[in-house]
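Novice: I would like the atomic coordinates for the input below:
(one chain, ligands or ions: 1)
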Amino acid sequence: MSVALLWVVSPNSQLSRYVGYVDSVRDGNRLIESSRFLYRDRSSMFSCRPKKGRKQKWNSCSLDTDFRHPCLGGINLPEISMVASTAGEMAVSSEEKVYNVVLKQAALVNRQLMSSGELDVKPDIVLPGTLSLLTEAYDRCGEVCAEYAKTFYLGTLLMTPERRRAIWAIYVWCRRTDELVDGPNASHITPTALDRWESRLEDLFQGRPFDMLDAALSDTVAKFPVDIQPFRDMIEGMRMDLKKSRYKTFDELYLYCYYVAGTVGLMSVPVMGIAPESLATTESVYNAALALGIANQLTNILRDVGEDARRGRVYLPQDELAQAGLSDEDILAGKVTEKWRNFMKNQIKRARMFFDEAEKGVTELSEASRWPVWASLLLYRQILDEIEANDYNNFTRRAYVSKVKKIAALPISYAKSLIRPSRKSLSKV
Ligand SMILES: CC(C)=CCC/C(C)=C/CC/C(C)=C/CC/C(C)=C/COP(=O)(O)OP(=O)(O)O
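Specialist: Down below sits the predicted model:
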């Protein structure tokens, strides 16, 4: 298999990009490698071991040579997430699709930074008599947030008033979107209802909100450089949930996780803000935000395996289950076997890798946003430890983080939030 067939020259080819995941590499029965993540840049492939979290360069392979790492033995690239169609066209991996949204969102923020020098929050421009309506709309969003996500709400209180209320408006829209397929009326939801919700979204982005809660978001997207695409994509995730209850590969699952959770990361960063002194590229911070959404969703999936299976849903890659000698029946039977433990260990390892990726970006956020983000990251990450502590029984036991551990995470996350991004040197200003 020539690697040239599998290549896409990305708009920013300086960066190495995730292309897939190899669960194990065998030579006959001998396990040579396990759990490697594959990356590429323009002229070579990289692999990354989850444990070390460090990219290690494999032997370089140029565009026109066969891609065969000495360790890869029988593994061909089509077995990982990038596949070439029979016509020789490139089938773009989910990560590639999502990365394009990241680039678009980062470009929007960079344009605003270039035009105004910093991300100033635009002042309220409202018709006489409507300011109190807008305030009321935001207050209502705050109430919803306080009611359904108490810890998250407390975290938002650390932000500036403009940012805090904008985050509430985004949270409320996401919650309403989620409720369409997960709420009390979920059984009546059709793709047409989701289409209507999407045209409401387009309207509110054009300054024509349908109701009070939409009005708050309409105001937010007028004031912060938030792109509509992640919002559209979240609705796409709900469509996917309506018609799909199995995921063939991790690539398919990755796309779902992006739709329902990675999007939240992309929506939030323009509001949370990147520290003015940060040297990180906008794009890398968005990538970290995306990784946090994916990590959270993967954790959520691993925690809720039993509950989801009883609702007829298995959000675990079918090919990886089969490779581990497991099937849907094993999940429904709910017996913790050695095979299940090994399978879960690999899934947890992968989720932790996404958390590691996310951690790199938190320090680059604006000062007031770092504490709540660290706190939520550490708390959600601990759910993975709890699954281990439950001896991988996620069929009948729900992994949860105790109040004591939650409280203990607060000072730790506060201490982490004090770490400043590397400052711009004076010569660069
Ligand atoms: C890391 C950087 C640079 C920025 C942070 C960007 C953010 C805020 C990312 C977070 C994205 C996020 C909160 C995604 C939602 C993920 C998720 C699985 C939420 C679970 O929601 P519920 O289903 O209500 O959870 P529980 O069931 O645990 O209550």
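Novice: mind listing what's buried in the helix or strand where residue 214 lies?
Specialist: With elements delineated by DSSP states H and E, residue 214 resides in helix 212-223, which encompasses its position. With burial defined by 16 or more other CB atoms under 10 Å, the residues of helix 212-223 counted as buried are 213-221, 223. Any C-beta I mention is one placed from the backbone N, CA and C, and that applies to glycine too.
Novice: try stretch 346-358
Specialist: The neighbour-count check on stretch 346-358 (16+ other CB under 10 Å) flags 346-348, 350-355, 357-358 as buried.
Novice: would you mind putting these into CSV with distance to residue 256 alongside?
Specialist: Rendered in CSV, the data for the buried residues of stretch 346-358 read as follows (distance: CB to CB, whole Å):
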residue, distance to residue 256
346, 19
347, 15
348, 19
350, 15
351, 14
352, 19
353, 18
354, 14
355, 18
357, 18
358, 18
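Novice: need these in JSON lines with secondary structure, can you?
Specialist: Written out in JSON lines, the entries for the buried residues of stretch 346-358 read as follows (DSSP: H, G, I helix; E, B strand; the rest coil):
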{"residue": "346", "secondary structure": "helix"}
{"residue": "347", "secondary structure": "helix"}
{"residue": "348", "secondary structure": "helix"}
{"residue": "350", "secondary structure": "helix"}
{"residue": "351", "secondary structure": "helix"}
{"residue": "352", "secondary structure": "helix"}
{"residue": "353", "secondary structure": "helix"}
{"residue": "354", "secondary structure": "helix"}
{"residue": "355", "secondary structure": "helix"}
{"residue": "357", "secondary structure": "helix"}
{"residue": "358", "secondary structure": "helix"}
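Novice: closest to the ligand out of these?
Specialist: Minimum separation from the ligand among the buried residues of stretch 346-358 (CB to the nearest ligand atom) is found for residue 358, which lies at 4.6 Å.
Novice: distance of the closest one from residue 345?
Specialist: According to CB to CB, to the nearest Å, residue 358 stands 21 Å off from residue 345.
Novice: out of the helices and strands in the chain, which is least certain?
Specialist: Counting by mean pLDDT, DSSP states H and E, the chain has its least confident helix or strand at strand 83-84, which shows a mean of 30.
Novice: look up how far the ligand lies from residue 159.
Specialist: 11 Å (CB to the nearest ligand atom, to the nearest Å).
Novice: what's the pLDDT at the residue nearest to that residue when sequence neighbours are not counted?
Specialist: Using CB to CB, 6 or more residues apart in numbering and skipping the chain neighbours, the partner closest in space to residue 159 is residue 368 (5.0 Å). In this model, residue 368 is scored at 88, pLDDT.
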